[in-house]
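Student: what follows is a predicted structure for the sequence shown.
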Amino acid sequence: MIKVAMVSTIRPQTNYTAYLIEALQKYYGKEVEVLVYTETENPEENLKIPLTNINLVWDRNWKFIYQILRRALRDKVQIIHFQHEINMYGGPRTAVLFPFLVFLSRILGFKPAVTVHAAVEIRLLNEEFLRVFEWPRPEIFSHLVRIIFPTIYFFIGLFAKKVIVHSLGLKEILERDYHFNGKKIVVIPHGVPENIGYRESDVSRRAREMVEGKKFILYFGYLHRRKGLEYLIDSFKKVCEKHPDLLLVLAGGTTLPNYVRELESQVKSLNLSGSIFITGFLGLNDLRYLLSGCEFVVLPAVYSIAASGPLAQVFAHGKAVIVSDLGVYREEIENGVNGLLAKAADADNLANQMERLMVDVLLRRKIESGAQSIRRRRSWEYIAGSTLRVYQSL
């Protein structure tokens, strides 16, 4: 049996890694033992996630390297599977240290695999990119980031034995911009959950009172500047002129409270306070309730640098969706078949696409059917089996 340490955050329950671990433990438990190494913050919340072998191992600071490797040595694992996003292990300092962690894992005899969730084209690493991601002093740091990002990614690719990405586009960026060895890279798409049920009794009163008996459009995910929600609000203003009883729900938590305050001010200035609801973080039952009841979903990002967990949830529920015509979204969506593409940062074009889905029921049904076909092809059992084959190849 292969013994693997999976190093990642595991919240919320719809987290990619939580789904992957659950599928590995459920379907392939006789072939691989997965130990979960997650962060020590919010221990009670982490331990509520329905996985086995959860270990609170690392802090989000410079000590994470020692903490992870010490535990891996004690547990005598063979493979360490790191999930990588720039700020997963803390801030900029831990991001710079991460390749050193992968290097040391090889020196100590482990076989490191890294899932790179996001890859940014170097040409996009400019002041506007840093402003959207709310880095301090973008006019100063843009030049530094153009040096640091390629260095971090280059050494990840150098030290990892295998690299997993979720799309061919991300693979191409790693090869072209960061000089990864393409033979190391394995493309495994983001899985789509099969179980989308929820208990009516567990849906919150707040969620029910907000939308019950009403038509509404849904956005869900982090409330982050790169998600382009200000354009969605402007678009909704145009659409609701023809559909005055329509609601828009913006569901999700944030690490950028100033951005949320900007959105709230925008809603108020457009006199839409009774038509747009910004909910904050929602529990799984509330999210599934909203997904099941919405007319369609809109994901209007201005940057697409990673596979979309929310898009996977849309496919799981068989819902029509409008996404921005860029990045991974462009790879995932065939326009008019399993979704609609809209120009990024273009409120007029987005409003036109929203109006199409509001009035063209046949188009909406066609897209819903396309979404359901993706759900059948991307079960988490299939994704876990593909991941197991990567482990077996190491």
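Tutor: Right, received. Where do you want to start?

Student: drop to CA atoms for contacts and neighbour counts, all remaining ones
Tutor: Noted.

Student: for the stretch 101-250 of the chain, what spans make up the helices?
Tutor: For the stretch 101-250 of the chain, helices defined by DSSP state H, counting those that start in this stretch occupy the ranges 127-132, 138-159, 168-178, 205-211, 229-239.

Student: can you put those in a markdown table and add distance to Met354 and mean neighbour count?
Tutor: Shown next, in a markdown table, are these (distance: least, C-alpha to C-alpha, whole Å; neighbours: other C-alpha atoms under 10 Å):
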| stretch | distance to Met354 | mean neighbour count |
| --- | --- | --- |
| helix 127-132 | 25 | 16 |
| helix 138-159 | 34 | 17 |
| helix 168-178 | 27 | 19 |
| helix 205-211 | 19 | 14 |
| helix 229-239 | 7 | 21 |
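
Student: between the ones you listed, which one is closest to Asn42.
Tutor: Closest of these to Asn42 is helix 205-211, at 24.7 Å (criterion: C-alpha to C-alpha).

Student: strands of the protein, residue ranges please.
Tutor: 2-7, 32-39, 54-58, 79-84, 111-116, 162-165, 185-187, 216-220, 247-251, 276-280, 297-299, 321-324, 340-342 (DSSP state E).

Student: winner for burial among the ones you listed?
Tutor: strand 321-324 (a mean of 26; mean count of other C-alpha atoms under 10 Å).

Student: for it, packing partners?
Tutor: The elements that strand 321-324 packs onto, with contact taken as 3 or more C-alpha pairs under 8 Å, 6 or more residues apart in numbering; DSSP states H and E, are strand 297-299, strand 340-342.

Student: give me the mean pLDDT for the last one.
Tutor: So that's strand 340-342. The pLDDT scores in strand 340-342 average 97.

Student: got a list of contacts for that strand?
Tutor: 300, 321-325, 330, 333-335, 349-350, 353 (C-alpha atoms under 8 Å, 6 or more residues apart in numbering).

Student: just checking: what are the partner strands of that strand?
Tutor: Note on strand 340-342: by DSSP bridges, its sheet partners are strand 321-324 (parallel).

Student: keeping just the C-alphas, turn the partner strand into PDB.
Tutor: C-alpha atoms of strand 321-324 as PDB (Å, rounded to 0.1, in the frame of the first residue of the first chain):
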ATOM      1  CA  VAL A 321     -23.900  29.600 -16.400                       C
ATOM      2  CA  ILE A 322     -22.300  32.700 -17.900                       C
ATOM      3  CA  VAL A 323     -18.500  33.100 -17.500                       C
ATOM      4  CA  SER A 324     -15.900  35.500 -18.700                       C
END
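
Student: I'd like the average pLDDT over it.
Tutor: pLDDT averaged over strand 321-324 gives 97.

Student: would you mind measuring from Pro310 to Arg93?
Tutor: Plainly put, Pro310 is 29 Å away from Arg93 if you go by C-alpha to C-alpha, to the nearest Å.

Student: whoops, Gln266 was the one
Tutor: 35 Å.

Student: which one's more surrounded, these two?
Tutor: Neighbour count, other C-alpha atoms under 10 Å: between Gln266 and Arg93, Gln266 has more, with 16 against 12.

Student: right, and Val249 touches Phe277 too?
Tutor: Yes: contact criterion C-alpha atoms under 8 Å: Val249 and Phe277 qualify, at 4.9 Å.

Student: stretch 5-12: how far from the chain's middle?
Tutor: 13 Å (C-alpha atoms, centre = their mean, to the nearest Å).

Student: quick one: mean pLDDT over that stretch.
Tutor: Mean predicted lDDT for stretch 5-12 stands at 90.

Student: check stretch 273-286 too.
Tutor: Mean predicted lDDT for stretch 273-286 stands at 90.

Student: endpoints of it, how far apart?
Tutor: Per C-alpha to C-alpha, the first residue of stretch 273-286 is 21 Å away from its last.

Student: name the residues that touch it?
Tutor: 13-14, 198-199, 202-204, 207, 210, 245-254, 264, 267.

Student: kindly report the same for stretch 54-68.
Tutor: With C-alpha under 8 Å, 6+ apart as the test, stretch 54-68 has contacts from 35-41, 43, 47, 71, 88-91, 93-94, 97-98, 101.

Student: tell me which helix or strand of this protein sits lowest on mean pLDDT?
Tutor: helix 127-132 (a mean of 79; mean pLDDT, DSSP states H and E).

Student: any idea how far the nearest residue to Leu357 once chain neighbours are set aside lies from Gly339?
Tutor: Nearest non-adjacent residue to Leu357, counting by C-alpha to C-alpha, 6 or more residues apart in numbering: Arg364, 5.8 Å away. Between Arg364 and Gly339 the computed distance is 9 Å (C-alpha to C-alpha).

Student: neighbour-wise, which of these two wins?
Tutor: More crowded of Arg364 and Gly339, by other C-alpha under 10 Å: Gly339, with 27 against 24.

Student: now for the more buried one: which residues touch it?
Tutor: With C-alpha under 8 Å, 6+ apart, Gly339 has these contacts: 320-323, 333, 367-368, 370-371.

Student: name all residues that make contact with Asn46.
Tutor: So Asn46 contacts 10-11, 38 (C-alpha under 8 Å, 6+ apart).
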